[in-house]
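Chemist: Sequence plus predicted model, see below.
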Amino acid sequence: MERLNPARPAAGVTLCRLDEIADPGSKDFRFREGDRLFAGFVVRKDGALVGYVDSCPHNGWPLGGPSGRHLTRENDLILCSGHGALFRIGDGVCTSGPCADKRLEAWAVVVVDGVVVTG
Ligand code: FES
């Protein structure tokens, strides 16, 4: 069993204001605890918000790459900049690419009074 990442923030940690994330759009978040890093990102689309651990099921790379962008040009899917895997926004399932049928690990986020916090 994988050891729990101590850098992963507990529930209730403030990430940003909701209006800091475009719709459609996404935003990266990084947390450090000692030598451990937790990387997550949040996607906003059509008023809905979903969070994922920023680790591609193909090679474990962060999805956004240097651009920090997570969505395709059409804003209809999540794109991994590593080798082009595509994931559904709603459930993180890979629909094409080298990790087809695997999925992104969900990272619970909620909106409380216009502020995005970890769930
Ligand atoms: S690391 Fe994401 S597709 Fe290869």
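Modeler: Great, that's in hand.
Chemist: For Lys27, list the residues it contacts.
Modeler: Going by Cβ atoms under 8 Å, 6 or more residues apart in numbering, Lys27 touches 15-16, 20-21, 41-42. Just so you know, the C-beta spots here come from the backbone N, C-alpha and C atoms, and that holds for glycine as well.
Chemist: Buried ones in the helix or strand hosting it, by neighbour count?
Modeler: Assigned by DSSP states H and E, Lys27 belongs to strand 25-33. Of all the residues in strand 25-33, those buried under the rule 16 or more other Cβ atoms under 10 Å are 26-27, 29, 31.
Chemist: what sits against the residue lying closest to His83 once chain neighbours are set aside?
Modeler: Distances taken as Cβ to Cβ, 6 or more residues apart in numbering place Pro98 nearest to His83, at 5.4 Å, with adjacent residues excluded. Shown in contact with Pro98 (Cβ under 8 Å, 6+ apart): 58, 83, 85.
Chemist: Likewise for Gly25?
Modeler: 43-44, 71, 75.
Chemist: now do 6 Å
Modeler: Listed by Cβ atoms under 6 Å, 6 or more residues apart in numbering, the contact set of Gly25 reads Arg44.
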